[in-house]
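Peer 1: I need the structure of the sequence given here:
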Amino acid sequence: MSVRDITERYNSAQRFLPGNAIQRVYNWFVRPQWIDGQRFWYRLRTRRGHEFIYVDPDRLERRLAFDHERLAALLGAALTQAVDPYALPFASIRYMDGNSAIEFDVDELTWTCSLDDYVLTSRRTESEDGSLVSPDGRWAVFVGTNNLWLRNMASGECAAHPGQRRLFCLRSGAGRQHDLAH
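Peer 2: Got it, this is the predicted structure:
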């Protein structure tokens, strides 16, 4: 047996190692992401790429969760770059507004897409000071003075763990302390 024969056999056998073989298996793995306890979605690896699938067992319904091509075109225009419908730059979605919209995160932005008319909007998931903003935009959370802090985005008021005696609030980069002893 020549070195060439051994190399060919090795390369042939290597294709069947678990990490390599999985690249040739499609449509097999389902990890349900429950929407409301009855319906769910999952991301499926297909020959084309990845597809998001919506399932309603009560109605015996299984379909694409959204129009991948349409969403990719909208997102590509918004990001000013080409977006492959089956290699979307996100791996998870959240259903919103009674399942009439989906939400996903790309490039530090949270995007919402209406499934009725495919209007795409975005909002920052991080505020100017680096805190993370809640999906509804009403709250922000950040780490400060060895604790996790919650800020009301409208009033700027902050709160930490209920046992804390002082609040430390970051507003426009300036720290403010409030004494809660009174």
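
Peer 1: Mind listing residues that contact stretch 56-76?
Peer 2: For stretch 56-76, contacts defined as Cβ atoms under 8 Å, 6 or more residues apart in numbering pick out 38-39, 41, 51-55, 82-86, 88-89, 93, 102, 106, 111, 113, 115, 118, 120. (C-beta placed from N, C-alpha, C; glycine too.)

Peer 1: Mind jotting down where the helices sit in this structure?
Peer 2: Ranges of helices in the chain, per DSSP state H, are 3-14, 18-21, 68-79.

Peer 1: List the buried residues in the last one.
Peer 2: Counting neighbours by 16 or more other Cβ atoms under 10 Å, one finds that the buried residues in helix 68-79 are His68, Leu71, Ala72, Ala73, Leu74, Leu75.

Peer 1: My read is that Ile102 contacts Ser92, right?
Peer 2: No: counting by Cβ atoms under 8 Å, Ile102 sits too far from Ser92 to count as a contact (10.0 Å).

Peer 1: Neighbour count: these two, which is higher?
Peer 2: Between Ile102 and Ser92, counted using other Cβ atoms under 10 Å, the more crowded position is Ile102 (22 against 11).

Peer 1: Poorly predicted segments of the chain, please.
Peer 2: Along the chain, the parts satisfying pLDDT under 70 run over 18-27, 125-128, 161-182.

Peer 1: Show me where it has its strands.
Peer 2: With DSSP state E as the criterion, the chain has strands at 33-34, 40-45, 50-56, 61-64, 94-96, 101-106, 109-114, 120-124, 132-133, 139-144, 147-152, 158-159, 166-171, 174-179.

Peer 1: In contact with Pro89, which residues?
Peer 2: Leu75, Val83, Val106, Asp107.

Peer 1: what's across from the closest residue to Val133 other than its chain neighbours in the sheet?
Peer 2: Spatial nearest neighbour of Val133, excluding adjacent residues (Cβ to Cβ, 6 or more residues apart in numbering): Ala140 at 4.9 Å. For Ala140, the beta-bridge partners are Val133, Arg151 (DSSP bridges).

Peer 1: Can we start the residue count at 493 from this point?
Peer 2: Sure, I'll start numbering at 493, so the last one becomes Ala632.

Peer 1: hang on, the earlier thing: from the contacts of stretch 548-568, list just the buried residues.
Peer 2: Using 16+ other Cβ under 10 Å, the buried members of those are 531, 533, 543-547, 575, 577, 580-581, 585, 594, 598, 603, 605, 607, 612.

Peer 1: What lies in contact with stretch 625-633?
Peer 2: 586, 595, 602, 615-619, 623-624, 640-646.

Peer 1: let's go with 10 Å and repeat that
Peer 2: 586, 588, 595, 602, 604, 615-619, 621-624, 640-646, 648, 650, 662 (Cβ atoms under 10 Å, 6 or more residues apart in numbering).
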